[in-house]
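S.K.: Mind looking at a prediction? Sequence and model below.
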Amino acid sequence: MGAFFIPMKSIKEIYQLYLDCTAACTDTRSIEENSIFFALKGPNFNANTLAYKALEDGASYAIVDEEKYVLDNRYILVKDALESLQQLAKHHRQQLKCPIIAITGTNGKTTSKELCLQVLKQKYKTTATKGNLNNHIGVPLSLLSIPLDTEMAIIEMGANHLDEIDFLCRLAEPDFGVITNVGKAHLEGFGSLEGVLKTKTELYRYLNEQEGFIFHKDNQQILIEQLPENCEHYSYGQLNSSTCRVEMLGAQPFVSVKVDNQTINSRLIGAYNYDNIALSIAMGLHFEVPIGDIKVTIENYNPQNNRSQIVEKENNTILLDAYNANPMSIEKAIENIQSIEHSNKVMILGDMFELGEESKKEHLNIINHCLSSGVNHVYLVGLEFHSVNATQFASFKTTNELALYIKKHPIKDAFVLIKGSRGMKLESLLEDL
């Protein structure tokens, strides 16, 4: 094997190879033809052992960081495959001429990103993070997917520990940014709400350092207090003092708003989606997208991937929001179902993950919200909810247990909210509703 040893290449040399490839990949289950594969390591895997398979499946090159896996000149040896991926992405970003907009926050990142993408596409060649590739691996992959002729790019940034947003900013070098909101999520990594706030506002501090531009909601005082004094910013919301005033008309169940004498009737359900819509309108207007184009775009946008989706079944109307959950998003979902006019409302709520020592307390808080909501039919799913539930609400350790219960006790003629963390796989209940 040593006979094929290849001297380590610089990032600029690897970049020249990358320019002749179609994509960067890190998963051997989804290798693209003529891609460049990065053999990453984790606690339970070492993709160096699969580099040969990536090449067999169509990759042109494999970036590895263990010499014994170098078999021929298609293998590129580096000190650290993950670091090489990140530095390659940073180098590519520096070749781009387009402005980059960073979106982070506890809730609403992905919906805001998708709405802003569709709005900006009406005027500019725009790309954005696909799915939720928003961490230390996803952001580099998102950056590398931006074509050189792009006119506008949106990068979603997630975080579960301190300093992560700052690190992602150093890779993506955003010119514009928005923090959708701040709430309790990933408390295992952040330790407290103050830790979440400190991490999310790393975006503000980066933009201030780089003389960037901030979009912000007009009534989020906790974030407004963190705005840098010398950083240009643009407010949006319902206050008359906002740079972009967007009036909320209602959500029965779909959100309707009014701006510049234009009424926009979205297909997004829930008052909590007002913020996402208002941001996309503000961003569109700031970048001079005509209001008529913004209206048509928002009215035609349909959410996907288990996010605030309305699913009409023979027996029930279901609001499927099972992509993710934290205390803030579940509270908003409960407030929303309270406002919906229906004679038979049902809530199916699944465990919230990564809350650390606060987990039992936060799950108990949600149960108390349910008790005061006026919704009588509540089903709680997951070990955390089950362990703290001492109410009349039915609770189940697993999603499968609830599925069996529903088969024996069908839910009919109801408006059903399904909300929980991704790992609960609550969408599997659809076939029983």
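M.R.: Sure thing, it's come through.
S.K.: K345 is in contact with I411, correct?
M.R.: No: contact status for I411 versus K345: not in contact, 10.9 Å apart, counting by Cβ atoms under 8 Å. Every C-beta, even on glycine, is put in place using the N, C-alpha and C of the backbone.
S.K.: residues shared between the contacts of those two?
M.R.: When contacts are counted by Cβ atoms under 8 Å, 6 or more residues apart in numbering, the set common to I411 and K345 consists of H377.
S.K.: per-residue confidence at E357?
M.R.: The predicted structure scores E357 at 88 on the pLDDT scale.
S.K.: does it count as helix, strand or coil?
M.R.: Using DSSP: H, G, I helix; E, B strand; the rest coil, the secondary structure recorded for E357 is helix.
S.K.: Distance of it relative to R422?
M.R.: Relative to R422, E357 is positioned 22 Å away (Cβ to Cβ, to the nearest Å).
S.K.: Neighbour count: those two, which is higher?
M.R.: Per other Cβ atoms under 10 Å, whichever of E357 and R422 has more neighbours is R422, with 15 against 9.
S.K.: Who are the contact partners of the more buried one?
M.R.: Neighbouring residues of R422 by Cβ under 8 Å, 6+ apart: A322, Y323, N324, F353.
S.K.: Check F167 too.
M.R.: Remark: with contacts taken as Cβ under 8 Å, 6+ apart, F167 is in contact with H136.
S.K.: Wasn't it part of a helix?
M.R.: Yes: read with three-state DSSP, F167 is one of the residues of a helix.
S.K.: Name the next helix or strand downstream of the lowest-mean-pLDDT helix or strand in the chain, please.
M.R.: Between all helices and strands in the chain, the lowest mean by mean pLDDT, DSSP states H and E belongs to helix 187-190, at a mean of 62. Secondary structure here is assigned by DSSP states H and E; on that basis, the next helix or strand after helix 187-190 toward the C-terminus is helix 193-200.
S.K.: Let me know the next secondary structure element after that next one.
M.R.: The element immediately downstream of helix 193-200 (helix or strand, assigned by DSSP H and E) is helix 202-209.
S.K.: any idea of the mean pLDDT in that following helix?
M.R.: Helix 202-209 comes out with an average pLDDT of 95.
S.K.: Show me where the stretch 151-300 of the chain has its helices.
M.R.: Ranges of helices in the stretch 151-300 of the chain, per DSSP state H, counting those that start in this stretch, are 164-172, 187-190, 193-200, 202-209, 221-224, 274-286, 291-300.
S.K.: most tightly surrounded among those helices?
M.R.: Here the criterion is mean neighbour count by mean count of other Cβ atoms under 10 Å, and of the helices of the stretch 151-300 of the chain the winner is helix 274-286, at a mean of 25.
S.K.: so what does it touch, helix or strand wise?
M.R.: Contact partners of helix 274-286 among helices and strands, from 3 or more Cβ pairs under 8 Å, 6 or more residues apart in numbering; DSSP states H and E: helix 109-120, strand 213-217, strand 232-237, strand 244-245, strand 254-259, strand 262-269, helix 291-300.
S.K.: Ok, which of the ones you listed comes nearest K198?
M.R.: Using Cβ to Cβ as the measure, strand 213-217 is the one of the helices and strands packed on helix 274-286 that comes nearest K198, at 16.6 Å.
S.K.: just the angle between the closest one and strand 232-237, please?
M.R.: An angle of 20 degrees separates the directions of strand 213-217 and strand 232-237 when computed by axes from the mean of the first three to the mean of the last three Cα atoms, to 10 degrees.
S.K.: Buried residues in strand 213-217, which are they?
M.R.: When neighbours are counted by 16 or more other Cβ atoms under 10 Å, the buried residues of strand 213-217 are found to be F213, I214, F215, H216, K217.
S.K.: Quick check: of the residues you listed, which lies closest to I281?
M.R.: Of all these, I281 sits closest to F215, with 10.9 Å by Cβ to Cβ.
S.K.: for the closest residue to the closest one other than its chain neighbours, what are its contacts?
M.R.: With Cβ to Cβ, 6 or more residues apart in numbering as the measure, V178 is the residue that lies nearest to F215, at 4.1 Å, once sequence neighbours are left out. Residues in contact with V178 (Cβ under 8 Å, 6+ apart) are I101, A102, I103, T104, G105, S112, I214, F215, H216, L279, M283.
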